[in-house]
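**Q** sequence and predicted structure are below.
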Amino acid sequence: MTRRCHNKIMNEKQYTIMDLCELTGYTRRTIRYYIHEGLLDPPAGRGRGGFYYDSHLNRLLDIKSLKDKGLELTAILDVLKKGPESRCLNLNIRELWIKYPIEPGLEIHVSRDLEEKERKKIAEIIRVAKSIIESGGIGNE
C-alpha cells in the first residue's frame, strides 16, 4: 500500500512556490502564511528544494473561491476541515458577502442577509453609484 501511495505521488505534477503564485495569484508570503495557519499543508522536501503537488494547488484554489464568496480565514479553515460536503450545506450565511463591481478598483460589498432583505434598495444604491462614476463624479477631479 505504501508503494501505491508513493507511486501516486510520483505521478502527480510538482510545482515550485513560484508556480503556485502564477497559477493562483497569491504571493509567496500569502502561501507561507496559509501554511503557518494550517490552511495548507507544508511542501514536500525542505528549504529551497520544497515542492508542492496538485493537492496544494487545488487547496489554494478552494481557499480563493471561498474568499471570493466572502468567508474569512477562520470560516474557511472550518469549511476545509469538514470536507467538500460542507461547502454547499453548512456555510454560515451571515458570513457570506456579495460583491457588486462598480468599475475597476471599486466594488460594493453587501452581506447576504441584508441583500436578501433589501434587494430593491441595494439595486438603487448600485445604480446611483454607477451613475456618479459615469457622470465623472469620482476619479475625474
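**A** Good, I have the coordinates. Residues are numbered from 1 along each chain as shown.
**Q** and for Asp19, nearest residue in space, chain neighbours not counted?
**A** Spatial nearest neighbour of Asp19, excluding adjacent residues (C-beta to C-beta, 6 or more residues apart in numbering): Tyr52 at 7.5 Å. (Each C-beta comes from the backbone N, C-alpha and C, glycine too.)
**Q** beta partners of the one you found?
**A** Counting by DSSP bridges, Tyr52 is bridged to Tyr15.
**Q** quick one: contacts of stretch 36-53?
**A** 9, 12-17, 19-20, 31, 34-35, 55-56, 59-60, 63, 73, 76-77, 80 (C-beta atoms under 8 Å, 6 or more residues apart in numbering).
**Q** tell me which residue lies nearest the centroid of this structure.
**A** Compute the mean C-alpha point of the chain, and by C-alpha atoms, centre = their mean the closest residue is Lys64, 1.6 Å away.
**Q** pLDDT wise, what is Leu91 at?
**A** Listed pLDDT for Leu91 reads 52.
**Q** whoops, I mixed them up, Ser65
**A** The predicted local confidence for Ser65 is 87.
**Q** which SSE is it in?
**A** helix 54-68 (DSSP states H and E).
**Q** so how far is that helix off the chain centroid?
**A** When distances are taken as C-alpha atoms, centre = their mean, to the nearest Å, helix 54-68 is centred 6 Å away from the chain's centroid.
**Q** same thing with stretch 22-37?
**A** With C-alpha atoms, centre = their mean, you get 11 Å for stretch 22-37.
**Q** end to end, how far does it reach?
**A** 21 Å (C-alpha to C-alpha, to the nearest Å).
**Q** what's the answer for stretch 26-41, then?
**A** Counting by C-alpha to C-alpha, the terminal residues of stretch 26-41 are separated by 16 Å.
**Q** returning to what we had before: pull out the buried residues from the helix holding Ser65.
**A** 56-57, 59-60, 62-63, 66 (16 or more other C-beta atoms under 10 Å).
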